[in-house]
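>>> Attaching a predicted model along with its sequence, questions to come.
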Amino acid sequence: MAPGGAPVAGARGGIPQGQLSQEQFNKLQDYAQDAKRLTKEDKAKGKTLEQVLAEDKIAAAALAKSMSLSCEVTDAMRVAAGPETVDGKTVQTQTYETTCSNGMGYFLVSQEPAKPYGFSCFATDATAKADIAAKRKPTEICRLPGNADLKAVAAKMLTASGHVCKVKDFKWSGQNAANHIEFDEVACDDGQGYMMVVGLPGASIPVHVETCNQSAKRGLPCKLSDNGDIGPTLKSFRDTLAKNKIACEATDQTTRVVGQIEAKKLYVVEFACPQMPKGIVAYIPHDDSKWPFEVVDCPTAAKRGAVCALPGNKK
């Protein structure tokens, strides 16, 4: 039953019938009881655990939407509430463990009037493992039925992306805070490996999956699987600049492969960096090339047919 006594279509106690087995539902109730989710106030109002969990799902869905998080909430439970100090001010927080239809799970935290935030179940698992390794009390991990088995979560997400994988292991590989994305590596029994790119609060994007070879070429190699022959990467091109003592602090976003000169076996790579106001183009030889390394500015490169395109560089 939903809040107010109205029935929820196709639901058992506010939980979608088609997504939880009876055993999973029982575990969810055990989890809720452990977390003391049904408070004295709830009981005084005559609410059941099922009604409270239905309310939690609605609240978590609204919170996910306010965060611009790509998460169709299928299950949720408030796991913590109370005052916290944020920027020297006391705010009231509500923390929800949340399961999404794409397989991902998160802890979502509201802290009005401050900005809400969240982090994934893969991230909390990595933190808990680090705590255990350091002999500290481990942090809380995700325990909702859809989140508790992260191997199953990873398998579901890969399957939805068209990749069949019997998951052998997984690893949280970090995040890009500026772009609000997280990287989670998955290793399969058949030796194949993948890097999942998933959204965090602030990035309403679908899950993107790359092979380890593709991920390594972008500068993020897998640790659990072989990356194969990745050839040169954007980072290796920047390393070549440094090796040749070219002062240019570029990033992946300010490094662009223009193309190759096959006859000379040269990579043609554009860089944008504060040390080079006109921008530069480097002619970087393959390992078996007889031509030397060379760097010219963008106007000079344009005369050779290599037109710069990165913002700030002169054409």
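Now that the structure is in, tell me what you want to look at.
>>> okay, CA-based contacts and neighbour counts for the rest of this
Will do.
>>> Look up phi and psi at the residue nearest to Thr127 when sequence neighbours are not counted.
Once flanking residues are discounted, Thr127 sits nearest to Thr139: 6.8 Å by Cα to Cα, 6 or more residues apart in numbering. Here is the backbone geometry of Thr139 (degrees, to the nearest 10): phi -70, psi 160.
>>> how near is Thr139 to Ala128?
5 Å (Cα to Cα, to the nearest Å).
>>> what bits of the stretch 1-150 of the chain have low per-residue confidence?
Across the stretch 1-150 of the chain, residues meeting the criterion (pLDDT under 70) sit at 1-35.
>>> Next up, the contacts around Gly191.
Neighbouring residues of Gly191 by Cα atoms under 8 Å, 6 or more residues apart in numbering: 225-226.
>>> go with 7 Å
Contact partners of Gly191, counting by Cα atoms under 7 Å, 6 or more residues apart in numbering, are Ser225.
>>> you'd agree it is in a helix?
No - Gly191: not assigned to a helix; according to DSSP: H, G, I helix; E, B strand; the rest coil it is coil.
>>> just the helices in the stretch 51-200 of the chain please.
121-133, 150-160 (DSSP state H, counting those that start in this stretch).
>>> Now mean neighbour count and distance to Thr99 too, for those helices, in JSON lines please.
Listed next are those as JSON lines, based on neighbours: other Cα atoms under 10 Å; distance: least, Cα to Cα, whole Å:
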{"stretch": "helix 121-133", "mean neighbour count": "18", "distance to Thr99": "9"}
{"stretch": "helix 150-160", "mean neighbour count": "19", "distance to Thr99": "10"}
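>>> Turn those into TSV, including distance to Asp287.
Formatted as TSV, the helices of the stretch 51-200 of the chain follow (distance: least, Cα to Cα, whole Å):
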stretch	distance to Asp287
helix 121-133	39
helix 150-160	36
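>>> To Gln92, which of these lies closest?
Relative to Gln92, the nearest member of those by Cα to Cα is helix 121-133, separated by 22.1 Å.
>>> tell me what that closest one is packed against?
Using 3 or more Cα pairs under 7 Å, 6 or more residues apart in numbering; DSSP states H and E as the contact test, the elements touching helix 121-133 are strand 167-176.
>>> Pull out the buried residues from the strand it packs on.
By 16 or more other Cα atoms under 10 Å, the buried positions in strand 167-176 come out as 167, 169-173, 175.
>>> Longest strand of this protein, counting residues only.
Criterion DSSP state E: the longest strand present in the chain is strand 73-86.
>>> May I have the strands that pair with that one, each with its orientation?
strand 89-100 (antiparallel) (DSSP bridges).
>>> what's in contact with the partner strand?
Residues contacting strand 89-100 (Cα under 7 Å, 6+ apart): 60, 71-85, 105-112, 142, 146-147.
>>> can you give me the strands for the protein?
Under DSSP E, the chain gives strands at 11-12, 15-16, 73-86, 89-100, 105-111, 114-120, 167-176, 181-188, 193-199, 208-211, 255-261, 266-273, 276-285, 294-297.
>>> To Thr240, which of those strands lies closest?
Nearest to Thr240, of the strands of the chain and by Cα to Cα, is strand 276-285 at 7.8 Å.
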